[in-house]
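Asker: sequence first, then the predicted structure:
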Amino acid sequence: MSRFFTTGSDSESESSLSGEELVTKPVGGNYGKQPLLLSEDEEDTKRVVRSAKDKRFEELTNLIRTIRNAMKIRDVTKCLEEFELLGKAYGKAKSIVDKEGVPRFYIRILADLEDYLNELWEDKEGKKKMNKNNAKALSTLRQKIRKYNRDFESHITSYKQNPEQSADEDAEKNEEDSEGSSDEDEDEDGVSAATFLKKKSEAPSGESRKFLKKMDDEDEDSEDSEDDEDWDTGSTSSDSDSEEEEGKQTALASRFLKKAPTTDEDKKAAEKKREDKAKKKHDRKSKRLDEEEEDNEGGEWERVRGGVPLVKEKPKMFAKGTEITHAVVIKKLNEILQARGKKGTDRAAQIELLQLLVQIAAENNLGEGVIVKIKFNIIASLYDYNPNLATYMKPEMWGKCLDCINELMDILFANPNIFVGENILEESENLHNADQPLRVRGCILTLVERMDEEFTKIMQNTDPHSQEYVEHLKDEAQVCAIIERVQRYLEEKGTTEEVCRIYLLRILHTYYKFDYKAHQRQLTPPEGSSKSEQDQAENEGEDSAVLMERLCKYIYAKDRTDRIRTCAILCHIYHHALHSRWYQARDLMLMSHLQDNIQHADPPVQILYNRTMVQLGICAFRQGLTKDAHNALLDIQSSGRAKELLGQGLLLRSLQERNQEQEKVERRRQVPFHLHINLELLECVYLVSAMLLEIPYMAAHESDARRRMISKQFHHQLRVGERQPLLGPPESMREHVVAASKAMKMGDWKTCHSFIINEKMNGKVWDLFPEADKVRTMLVRKIQEESLRTYLFTYSSVYDSISMETLSDMFELDLPTVHSIISKMIINEELMASLDQPTQTVVMHRTEPTAQQNLALQLAEKLGSLVENNERVFDHKQGTYGGYFRDQKDGYRKNEGYMRRGGYRQQPSQTAY
């Protein structure tokens with residue numbers, strides 16, 4: 001018996017109870033608890049008698065429905081779970097399937113599911129967006145469905161060839177099976193309900209969906225009577241209890257089908273009804289608005305439109321007639337401050353209230369003490385406006401903050417009898433008693449330090465290549481002016497610790513700025529008669545060098561914390577190096593011994609140390625001290641992380657090693673863009689210094705097996721240049737240095753000079769120096785000298801003697817310079833030669849080994865080291881080391897080697913800055 005249609009009598013259902021199962025239809029909770037209160041007729045309508053086949057197939061269809069729902073929302077994990085349950089349910093229905101055959105709906109879900117999984121598998125972008133569980137379930141379910149479908153391969157193939165026919169057969173078969181035993185009791189002339197409904201729905205199937213009623217939610221309650229006219233209500237009930245169930249279902253279907261207008265008159269009538277309906281709706285709306293206007297005549301209610309709230313009047317701070325006294329204002333201030341930091345507090349409104357309170361205090365002449373206290377709280381509220389540390393202040397809030405601090409400083413300077421400090425307790429404050437000095441709790445230094453942090457955050461979060469960055473940078477003059485005012489105030493009334501802190505702030509805003517005015521004064525001596533009064537006033541200002549000396553020496557003498565003193569020393573060294581005072585900067589770095597324990601400092605101090613070392617190296621390069629420049633820059637450049645070590649950005653490869661929180665902390669440590677050091681200039685200085693050191697050394701130790709490497713990065717660039725299959729004209733800065741190195745190897749100083757100093761290199765590097773022409777002159781001189789040394793190392797074996805005048809003309813050096821270079825080489829035993837003073841000739845000594853001798857020496861050294869290693873391993877197994885090789889006096893085993901041109905000599909270790 002079908003679960004949708006019932007038979008006419010109870011006897012038929014009772015007769016089939018023996019072979020079928022009685023299932024109670026699920027009902028509401030209240031009725032399910034009281035089954036005995038139902039009448040016998042009602043109880044009969046709430047139970048369904050089903051065959052074993054219906055029960056098994058219903059279980060399968062429910063699982064299939066769940067799978068299809070999961071397929072719609074791409075929940076592959078749910079599909080996998082339900083597919084496993086579907087396989088178990090199919091196993092339970094195996095006996096029925098053997099009799100009836102595999103149901104078509106089961107074949108359809110297997111085919112559809114396999115196609116669905118293949119489609120998901122081929123969608124590469126979709127697979128990337130899947131979560132981990134879905135991706136794992138997709139792989140598992142795809143393997144299972146392919147393996148499972150092998151048993152139904154013939155059925156699936158026939159289904160895929162004609163899916164529509166298979167669907168129709170399935171529907172017919174389900175309809176025939178669902179009728180159960182009731183088909184045998186039907187009259188011969190009767191037609192089954194499913195067949196009847198199918199025939200009836202064949203004709204209007206396309207039209208019925210078109211003319212289904214569209215419900216209007218707004219007029220649903222008021223227009224039911226009008227809507228009923230559009231529905232066919234002619235067959236809403238059966239004529240008698242013995243009428244066939246097919247008639248009932250037909251009437252039910254026809255009840256919910258809207259009549260289609262067939263003639264023009266019907267269409268016009270329908271159109272008229274719609275117009276009337278719209279008119280009635282408009283009338284109701286206008287009537288409702290009129291009623292609301294009548295209600296509002298009394299003035300008690302006001303209709304408010306949605307959207308932006310209306311501007312309200314300023315809140316009244318005190319009730320009308322209240323006497324404004326110090327106690328009342330302080331009480332109101334405490335009430336406002338109690339809401340500070342609480343959830344839901346409007347911070348902007350709190351700032352407005354405090355500003356209004358300042359106005360009230362000023363209007364009622366309550367004294368400067370109360371105003372100072374409220375000003376302190378206004379500035380603190382401005383800082384608290386953004387609770388997140390990573391966010392920076394908005395421009396309007398930043399402007400208010402600067403103005404408020406300036407106003408506060410004006411009051412403090414105008415009233416010397418006001419004392420502020422964080423050591424003053426709330427109970428001991430004196431805000432209005434003029435007989436005694438006014439005492440206010442608050443720290444002006446803390447506010448200024450927080451102001452400096454906010455300025456740094458603003459610069460960090462602004463695009464450095466935009467005009468907005470330039471506008472924000474103009475505020476630094478105002479920030480420095482405030483710091484200078486606070487400095488003057490604390491020098492009079494502050495403690496030693498506070499003075500050291502404000503001095504450090506002043507130093508941090510001074511150390512990185514090049515003093516062009518002082519530099520100009522050094523180049524051109526002042527002439528009093530030719531200068532205007534304005535220029536004289538500017539020149540009378542304190543030089544940055546004198547200012548830094550005064551501030552730093554005070555910190556060196558008075559400071560008790562290592563961090564402030566360390567920062568002051570590094571800034572002082574940086575400022576010396578920036579202004580080409582190399583020896584002062586070097587001596588201060590060596591005396592401070594910072595390089596010994598800088599690894600224990602906090603990251604911002606380490607970044608400042610790295611910046612100082614880089615500036616020190618660039619200063620040494622400008623002075624022509626290539627070896628000192630190379631040693632200072634070696635640690636930063638050899639790491640390959642110069643950008644990160646200088647706090648000028650994060651590397652992409654290192655971003656993967658830290659989580660999101662660590663990345664936020666690292667970004668807060670970054671240096672603002674206007675403090676950056678040009679990384680290309682830094683790398684060029686390092687590579688040119690390495691070239692001037694490495695090329696002569698490579699020429700001197702060309703055949704030495706134990707030749708050490710001065711700069712790994714420079715050798716890497718040389719190898720990269722050698723690996724290029726096609727050598728064109730150099731484009732980048734690195735290619736220019738590599739090309740210059742190859743020219744210097746051959747002793748061609750002019751070609752080397754043209755690669756190092758040209759328009760492109762001038763624009764990228766050399767013009768960025770304050771004294772660019774002096775640097776270029778120094779570079780030409782260095783290239784000539786090192787090219788001369790390289791030439792002598794490379795071609796000394798070719799000459800018996802060579803005139804110094806020839807060398808002077810060849811390298812365009814004066815004769816004393818050539819004489820000095822050659823004398824140093826001979827003294828250092830780098831060149832085996834002697835000087836013939838009368839003839840100004842260099843006489844070469846034939847002491848160089850031949851190529852065969854060099855190979856023999858290298859082989860002897862390698863054999864000696866091999867034997868020594870074997871003996872060391874043997875002695876290690878015996879538990880002792882010593883014996884034969886420890887007491888040997890052989891030169892090559894003592895790492896002395898053959899003294900070519902004086903031989904390889906262990907260089908004294910350079911001081912690491």
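Answerer: Arrived safely, thanks for sending.
Asker: CA only for contacts and neighbour counts going forward, please
Answerer: Noted.
Asker: tell me the contacts of Leu807?
Answerer: Residues near Leu807 by C-alpha atoms under 8 Å, 6 or more residues apart in numbering: 788, 813, 818.
Asker: count the neighbours of Lys331 for me.
Answerer: Neighbourhood size, Lys331 [other C-alpha atoms under 10 Å]: 12.
Asker: what do you get for Lys332?
Answerer: Using other C-alpha under 10 Å, the number of residues around Lys332 comes to 17.
Asker: give me the phi and psi for it.
Answerer: Taking degrees, to the nearest 10, you get phi -60, psi -40 for the backbone angles of Lys332.
Asker: contacts for stretch 460-480 next, please.
Answerer: If you take C-alpha under 8 Å, 6+ apart as the criterion, stretch 460-480 is touched by 392, 402, 452, 458-459, 506, 509, 668, 670-673.
Asker: look at Arg439 and give its secondary structure.
Answerer: Secondary structure assignment for Arg439 (DSSP: H, G, I helix; E, B strand; the rest coil): strand.
Asker: hmm, it is touching Gly369, no?
Answerer: Yes: here Arg439 reaches Gly369: they are 7.5 Å apart, a contact under C-alpha atoms under 8 Å.
Asker: what touches both of the two?
Answerer: Applying C-alpha under 8 Å, 6+ apart, one finds that Arg439 and Gly369 are jointly contacted by 418, 430-431.
Asker: pLDDT weak spots in the stretch 51-200 of the chain?
Answerer: In the predicted model, the stretch 51-200 of the chain carries pLDDT under 70 at residues 164-200.
Asker: tell me where it has helices.
Answerer: For the stretch 51-200 of the chain, the helices defined by DSSP state H, counting those that start in this stretch occupy 52-72, 76-92, 94-100, 104-122, 124-129, 132-148, 153-161, 163-179, 193-202.
Asker: let me have these in CSV, adding distance to Ser796 and mean neighbour count as columns.
Answerer: Formatted as CSV, the helices of the stretch 51-200 of the chain follow (distance: least, C-alpha to C-alpha, whole Å; neighbours: other C-alpha atoms under 10 Å):
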stretch, distance to Ser796, mean neighbour count
helix 52-72, 84, 16
helix 76-92, 80, 17
helix 94-100, 100, 12
helix 104-122, 71, 17
helix 124-129, 67, 11
helix 132-148, 71, 15
helix 153-161, 88, 14
helix 163-179, 93, 15
helix 193-202, 109, 15
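Asker: which of those sits closest to Cys571?
Answerer: Counting by C-alpha to C-alpha, Cys571 lies closest to helix 124-129 out of the helices of the stretch 51-200 of the chain; the figure is 50.4 Å.
Asker: packing partners of that closest one?
Answerer: In terms of contacts (3 or more C-alpha pairs under 8 Å, 6 or more residues apart in numbering; DSSP states H and E), helix 124-129 is packed against helix 104-122.
Asker: please redo it, this time with the cut-off set to 10 Å
Answerer: On a contact count with 3 or more C-alpha pairs under 10 Å, 6 or more residues apart in numbering; DSSP states H and E, helix 124-129 meets helix 104-122, helix 132-148.
Asker: dump the ones you listed into CSV; add distance to Arg347 as well.
Answerer: Shown next, in CSV, are the helices and strands packed on helix 124-129 (distance: least, C-alpha to C-alpha, whole Å):
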stretch, distance to Arg347
helix 104-122, 51
helix 132-148, 43
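Asker: which one, of the helices of the stretch 51-200 of the chain, ends up nearest to Val358?
Answerer: It's helix 124-129; of these, that one is closest to Val358 (C-alpha to C-alpha) at 56.6 Å.
Asker: where's that closest one relative to the chain centroid, distance-wise?
Answerer: Relative to its parent chain, helix 124-129 has a centroid offset of 23 Å by C-alpha atoms, centre = their mean, to the nearest Å.
Asker: name the residues that touch that helix?
Answerer: 120-121, 134-135, 138 (C-alpha atoms under 10 Å, 6 or more residues apart in numbering).
Asker: change it to 8 Å
Answerer: Helix 124-129 is contacted from outside by 120-121, 135, using C-alpha under 8 Å, 6+ apart.
Asker: check stretch 732-744 too.
Answerer: Under the criterion C-alpha under 8 Å, 6+ apart, residues 680, 684, 687-688, 691, 695, 717-718, 721, 730, 749, 751-756, 761, 787, 790 lie in contact with stretch 732-744.
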